[in-house]
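[1] how does the following fold in three dimensions:
(chains A and B)
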Amino acid sequence: MGVLARAEPTALDQLWLEHGGDATFTPARATQTGLVMVRGRAGGTGQRFNVGEMTVTRAAMTAATGHVGLAYVRGRDKRHAEMAARFDALLQDPQQRPNLLAKVIEPLAAAQARRRQQVETKAATTRVEFFTVARGE
Amino acid sequence: MYVAVKGGERAIEAAHEWLAEARRGDPAVPELSVEQIEQQLQLACDRVMGEGSCYDRELAALAIKQARGDLVEAAFLLRAYRTTLERFGYSTPVDTGAMVVKRRVSATYKDLPGGQVLGPTFDYAHRILDFKLLAEGAPATDATEAETDEVSPAMPRVSDILDDEGLIQTEAPDALDASVGDLTREPLLFPCGRDLRLQNLARGDEGFLLGLGYASQRGFGVTHPFVGELRMGEVTVELVPEELGFAIELGEIELTECQMVNQFKGTAKEPPQFTRGYGLVFGHAERRAMAMALVDRALRAAELGEEVGAPSQDAEFVLSHSDSVQATGFVEHLKLPHHVDFQGELEIIRRLREEHAQATRVGRDTAA
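    As a prediction, this is how the structure comes out:
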């Protein structure tokens, strides 16, 4: 679900065209944008506290097979949440799961890992060695 | 006291029309899109998300456009918007140790696991106006696509390194069933725990926090801090939806975290060790995270048995006045019509002046 939540909405649309098939869905509940309060810990490891809220959109879609897919995604893009929920429903179907994992989830996860790698590589170019200049002696 | 007024609808309408015109500026100049603000004025968006206490860059950019660049007004708009949304729940605490780090520096250790990573920083810039940016059609800078196969090293928090040696006060997690205070649900009452203090500071006015932090450094409060670590990057947010019962990832948000390290002489029970001040804020906002960490530490004076005297150590003073939305509401309401109120004051002053005049007359007469 994390991979679907993190995916670019346009990429999900495209993948749906390719692998979603002609499955019909009905919303299990109205797609809705709301808030999640983000928590942190004092000092990174200590007492919990509320940092502030973030917008989140959730969707629940029922497939013709009866599987209910669920999605909670950052931001306010309802279509993104619904697409993620559809895939989540299909992924619960043992017959479709292996194919979808290979054709949808793995490529998305790989793209996300590449993006992360790019950030890390860029950060690495600004890694610096500070020298202490000792006086005397 | 403020008494409601009626009237002036046409004038208000005309004023708002003029406001829209002023917002647009010279029609010969291309209009700024929300997307441009989101992409090219990122730090302004981050401040609005922080003080609006709502992470949504696009909405922050929209608020900035609507507010004509007035960031406090924009934070107000975002704070108002969030009240229209339902709360889905609380995230599990974010793990800043697992952050995808874009920037990470330590002023206390030269060599540390993971190294010092400058990231996109103003530090070490010459602070000279760059007239190339003024020239129209300046070419976009090429994004450097650095290619390395180097595996990114782990970047443990500096405070965890000190913690291993027992040199710094431990930040132990609270009990799982302990309640976490939430300012959006309950009013601020004193004395209040560190959870509420940190939430208040995380959304506090940057200027106010900066001033207090600066004052504490200059001697109004006893802090002699080091930046143990400042890191900025992306962390994953997880939620446990009720209908699922297990944690799912919602996506990434950008955060800035500051760990201030301060001296502590120790008590009869505790040996001397370093203590901490903590800052964690939305987006890339270093000044804000550092100021928050300074003020957090100053507010811990009482619990650490230090003398409390400076404004930055006074929780009621700091936390009651840190919120830019509240502060601007109360200060700016003064310009709304107070006609009835002022009439009352006028009458009092006239009566007092009459009494004063009478008393001086009587005094003169007696003297004569």
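[2] same for the helix or strand where B:Val340 lies, what does it pack against?
    Secondary structure from DSSP states H and E places B:Val340 in helix B:339-367. Helices and strands touching helix B:339-367, by 3 or more C-beta pairs under 8 Å, 6 or more residues apart in numbering or on different chains; DSSP states H and E: there are none. All C-beta spots, glycine's among them, are computed from the backbone N, C-alpha and C.
[3] what comes up buried for it?
    By neighbour count with 16 or more other C-beta atoms under 10 Å in any protein chain shown, helix B:339-367 contains no buried residues.
[4] one more: stretch A:4-20?
    By 16+ other C-beta under 10 Å, the buried positions in stretch A:4-20 come out as A:Leu4, A:Ala5, A:Arg6, A:Ala7, A:Pro9, A:Leu12, A:Leu15, A:Trp16, A:Gly20.
[5] quick one: the strands in chain A, in order.
    A:25-41, A:48-63, A:68-74, A:127-128 (DSSP state E).
[6] partner strands of the second one and their direction?
    In this case it means strand A:48-63. Strand A:48-63 sits in its sheet next to strand A:25-41 (antiparallel), strand A:68-74 (antiparallel), strand B:54-55 (parallel), going by DSSP bridges.
[7] any idea of the mean pLDDT for it?
    Per-residue pLDDT over strand A:48-63 has a mean of 97.
[8] next one: it to chain centre, how far?
    In terms of C-alpha atoms, centre = their mean, to the nearest Å, the centre of strand A:48-63 is set 12 Å apart from its chain centre.
[9] and for the first one?
    The gap between the average C-alpha position of strand A:25-41 and the chain average comes to 13 Å, counting by C-alpha atoms, centre = their mean.
[10] pull out the buried residues from it.
    A:Phe25, A:Ala28, A:Thr31, A:Thr33, A:Gly34, A:Leu35, A:Val36, A:Met37, A:Val38, A:Arg39, A:Gly40, A:Arg41.
[11] okay, and the beta partners of the last one?
    What that stands for is A:Arg41. Beta-bridge partners of A:Arg41, counted by DSSP bridges, are A:Arg48.
[12] pretty sure it sits against A:Val51.
    No. In this structure A:Arg41 lies outside contact range of A:Val51 using C-beta atoms under 8 Å: 9.9 Å.
[13] neighbours of whichever residue of the stretch 51-200 of chain B sits closest to chain A, how many?
    Going by C-beta to the nearest C-beta, chain A is nearest to B:Glu171 of the stretch 51-200 of chain B, at 2.9 Å. If you count neighbours by other C-beta atoms under 10 Å in any protein chain shown, B:Glu171 ends up with 18.
[14] contacts only, for it.
    Taking C-beta atoms under 8 Å, 6 or more residues apart in numbering or on different chains, we find B:Glu171 in contact with A:Arg41, A:Ala42, A:Gly43, A:Gly44, A:Thr45, A:Gly46, A:Gln47, B:Ser159, B:Asp163, B:Arg276, B:Tyr278.
[15] at 6 Å what do you get?
    Counting by C-beta atoms under 6 Å, 6 or more residues apart in numbering or on different chains, B:Glu171 touches A:Ala42, A:Gly43, A:Thr45, A:Gly46.
[16] which stretches of the chain have low pLDDT?
    Picking chain A for this. Applying pLDDT under 70 to chain A flags residues A:132-137.
[17] wrong one, chain B
    Along chain B, the model assigns pLDDT under 70 to residues B:1-5, B:137-152, B:368.
[18] tell me how it divides into domains.
    As recorded under automatic domain parsing, the domains making up chain B are B:9-82, B:96-121+B:153-171+B:182-322.
[19] thinking again about what came up before, let's have the strands paired with strand A:48-63 in JSON lines, adding distance to B:Val235.
    Converted to JSON lines, these look like this (distance: least, C-beta to C-beta, whole Å):
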{"stretch": "strand A:25-41", "distance to B:Val235": "9"}
{"stretch": "strand A:68-74", "distance to B:Val235": "12"}
{"stretch": "strand B:54-55", "distance to B:Val235": "11"}
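[20] so which of those strands is nearest B:Ser312?
    Distance to B:Ser312, taken as C-beta to C-beta, is lowest for strand A:25-41 among these, at 21.6 Å.
[21] and the contacts of that closest one?
    Residues from elsewhere that reach strand A:25-41, judged by C-beta under 6 Å, 6+ apart: A:48, A:50-51, A:53-54, A:56-63, A:68, A:76, A:78, A:81-82, A:86, B:85-91, B:93-94, B:237, B:239, B:280.
[22] over to stretch B:195-211?
    With contact meaning C-beta under 6 Å, 6+ apart, stretch B:195-211 is reached by A:47, A:49-52, B:51, B:53, B:180-181, B:183, B:281, B:288, B:291-292, B:295, B:299, B:319, B:322, B:324.
[23] phi, psi for the residue lying closest to A:Phe131 once chain neighbours are set aside please.
    Distances taken as C-beta to C-beta, 6 or more residues apart in numbering or on different chains place B:Lys110 nearest to A:Phe131, at 8.0 Å, with adjacent residues excluded. Main-chain dihedrals, B:Lys110, degrees, to the nearest 10: phi -70, psi -50.
[24] touching, B:Lys110 and A:Phe130? I think so.
    Yes. Applying C-beta atoms under 6 Å as the test, B:Lys110 and A:Phe130 come out as touching, 5.1 Å apart.
[25] so which bits of the stretch 151-300 of chain B are right by chain A?
    For the stretch 151-300 of chain B, the contact set with chain A under C-beta under 6 Å from any C-beta of the partner chain comprises B:152, B:157, B:171, B:174, B:180, B:182, B:194-195, B:198-199, B:202-203, B:237, B:239, B:248-251, B:276, B:278, B:280, B:282.
[26] for chain B, what spans make up the strands?
    B:54-55, B:86-90, B:100-105, B:116-117, B:225-239, B:248-262, B:275-282.
[27] give the burial count for the nearest residue to A:Gly2 once chain neighbours are set aside, as a bare number.
    Excluding the flanking residues, the one nearest A:Gly2 by C-beta to C-beta, 6+ apart is B:Glu249, at 3.1 Å. Using other C-beta under 10 Å, B:Glu249 is surrounded by 18 other residues.
[28] for B:Glu249, what are its contacts?
    By C-beta under 6 Å, 6+ apart, B:Glu249 lies in contact with A:Gly2, A:Ala5, B:Thr236, B:Glu238.
[29] which one of these is nearest to B:Leu59?
    A:Ala5 (18.7 Å).
[30] what pairs with the residue nearest to the closest one when sequence neighbours are not counted across the strands?
    Distances taken as C-beta to C-beta, 6+ apart put A:Val73 closest to A:Ala5, at 4.3 Å, once the chain neighbours are dropped. Beta bridges link A:Val73 to A:Thr57, judged by DSSP bridges.
[31] what's the burial count for A:Val73?
    A:Val73 has 31 neighbouring residues, counting by other C-beta under 10 Å.
[32] that one contacts A:His80, correct?
    Yes. Contact criterion C-beta under 6 Å: A:Val73 and A:His80 qualify, at 5.3 Å.
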